[in-house]
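>>> The amino acid sequence is not available; the structure is as follows:
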């Protein structure tokens, strides 16, 4: 199992639209066979930080996700609305 | 439920000792009543990044954890062995 933490810092004023797109991405991604969990979280101390916490069965599932229609359509919309993103893929030690 | 992502970047050569302390912290923390899950992960693309992924019932549980004997004993040992740490507390949106 692989976990992903994708931490985004939003542009000022972009939150409402960002969340609309992110929630659509959540709905579509959860239908994928290799997706164990996929949810969006807000930092308790900084409302401009929105992070996707994800669990995937393996690297192949992540590859398929990254090439899916919903990612190719929605991720550019998220990108326009954030200052930066930091993505880490993890395996348990 | 609150999730915590505590991402640490280790000093060169510190990994073996860091993991020994981190695993002791995992064992003790999992005994806490307010802890849902608590595990250590390694970045797949950068072995110097070790991240604790945590789930807690509420803020009170985190407060108790931060004041626990094992945190007060072990966390300074982790701190000596890492370059930096980035801690985010999250609620689901």
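Nice, thanks for sending it over. Since we're looking at a predicted model, the values are computed, not measured.

>>> In chain A, spot the strand with the most residues.
As assigned by DSSP state E, the longest strand anywhere in chain A is strand A:82-92.

>>> I'd like to know which elements it is packed against.
Counting contacts by 3 or more CB pairs under 8 Å, 6 or more residues apart in numbering or on different chains; DSSP states H and E, strand A:82-92 is packed against strand A:2-10, strand B:35-43, strand B:49-56. (C-beta placed from N, C-alpha, C; glycine too.)

>>> Could you name the helices and strands sitting against the second one?
Counting contacts by 3+ CB pairs under 8 Å, 6+ apart, strand B:35-43 is packed against strand A:82-92, helix B:15-29, strand B:49-56.

>>> Not counting its own residues, what contacts the second one?
Helix B:15-29 is contacted from outside by A:93, B:8, B:10, B:35, B:38-40, B:47-48, B:50, B:52, B:65, B:68, B:70-71, B:74-75, B:77-78, B:81-82, using CB atoms under 8 Å, 6 or more residues apart in numbering or on different chains.

>>> which parts of that helix are buried?
Neighbour-count burial for helix B:15-29 flags B:15, B:18, B:19, B:21, B:22, B:25, B:26, B:28, B:29 (criterion: 16 or more other CB atoms under 10 Å in any protein chain shown).

>>> Stretch A:52-71 now?
A:52, A:53, A:54, A:55, A:56, A:61, A:62, A:65, A:68, A:70, A:71.
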